[in-house]
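**Student:** I would like to see how this sequence folds:
(one chain, ligands or ions: 2)
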Amino acid sequence: MTSFSLRQVKLRPGEQYRDEVELELPAFEFGGQRYIPVPERIPAAFEITRANTGTVFRLSFTARLHGPCYRCLGDAVLEVPIDAREYQATSPEDEQLTTPYVVGAELALSQWGRDAVALALPDKILCRPDCAGLCGECGKNLNDEPHTHDDAEPDPRWAALEALRESG
Ligand SMILES: [Zn+2]
Ligand SMILES: [Zn+2]
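**Tutor:** Ligands and ions are numbered 1, 2, ... in the order given. Below is the predicted model:
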C-alpha cells in the first residue's frame, strides 16, 4: 500500500508541495461482486498546501475498474476520475478538523484513494449504459440475443389435445 511520509516536507504557510506518486489501489467489493483496479498501480497527482491554521492535501487520479456488469454479468470497465481533498488542522480541537488518513507522520494514500473511489462509484456498474441484461425467463444474454417470450396463456387447442391423450 502507498503512503507518504510527511516528515520529508516542511512547508511554511502559503507554500505548496507537488508530487507525482504511484498509487496502489486494492480490489473493491461492491454489490457482492469484486472489482479489480487495472492497472493496480496508477499515477496520481499529489499536493500539500500549508495554510495558516492547517494543511490541505489533494489527491487526483483516474482509477479503472474491471468486474462483472450488474445486469448481464459480462465484463464491465469503469473509469472513475477522482479529485479528493482532506484537511488537517495544525492544532485540532475538534475531530472534524483532522483527516483519518494522517496516521502519525504518514499519509495513507492507498486507503484514502480507495475510499474516494468507493464514494464515487455509481449505483450500478454496467457494461454499457443501455445494457439489456439477462432474460428473466431463460437466462440468456439479451445483448447477444434480443428476444421476448410469449407469456400468453397456453393455446386451448393444445390443452384439448392433452386431455385426449390422457384419456386415451
Ligand atoms: Zn451488461
Ligand atoms: Zn429468454
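**Student:** in which helix or strand would I find Gly67?
**Tutor:** strand 54-68 (DSSP states H and E).
**Student:** please identify the pairing partners of that strand and their relative orientation?
**Tutor:** In the sheet, strand 54-68 lines up against strand 33-37 (antiparallel), strand 41-50 (antiparallel), strand 75-89 (antiparallel) (DSSP bridges).
**Student:** which residues in the protein form helices?
**Tutor:** In the chain, the helices defined using DSSP state H lie at 109-120, 156-167.
**Student:** contacts for the first one, please.
**Tutor:** Pointing back at helix 109-120 there. With C-beta atoms under 8 Å, 6 or more residues apart in numbering as the test, helix 109-120 has contacts from 1-4, 21, 23-26, 28, 30, 44, 46, 59, 61, 63, 65, 80-82, 84, 86, 99, 101. Bear in mind the C-beta positions are built from the backbone N, C-alpha and C, glycine included.
**Student:** would you indicate which residues of it are buried?
**Tutor:** Leu109, Ser110, Gln111, Trp112, Gly113, Arg114, Ala116, Val117 (16 or more other C-beta atoms under 10 Å).
**Student:** residues of the protein that sit close to ligand 2?
**Tutor:** Cys135, Glu137, Cys138 (C-beta under 5 Å from the ion).
**Student:** how about the contacts made by the residue nearest to the spatial centre of the chain?
**Tutor:** Centroid-nearest residue in the chain: Leu121, 4.1 Å away (criterion: C-alpha atoms, centre = their mean). When contacts are counted by C-beta under 8 Å, 6+ apart, Leu121 touches Phe28, Phe30, Leu78, Val80.
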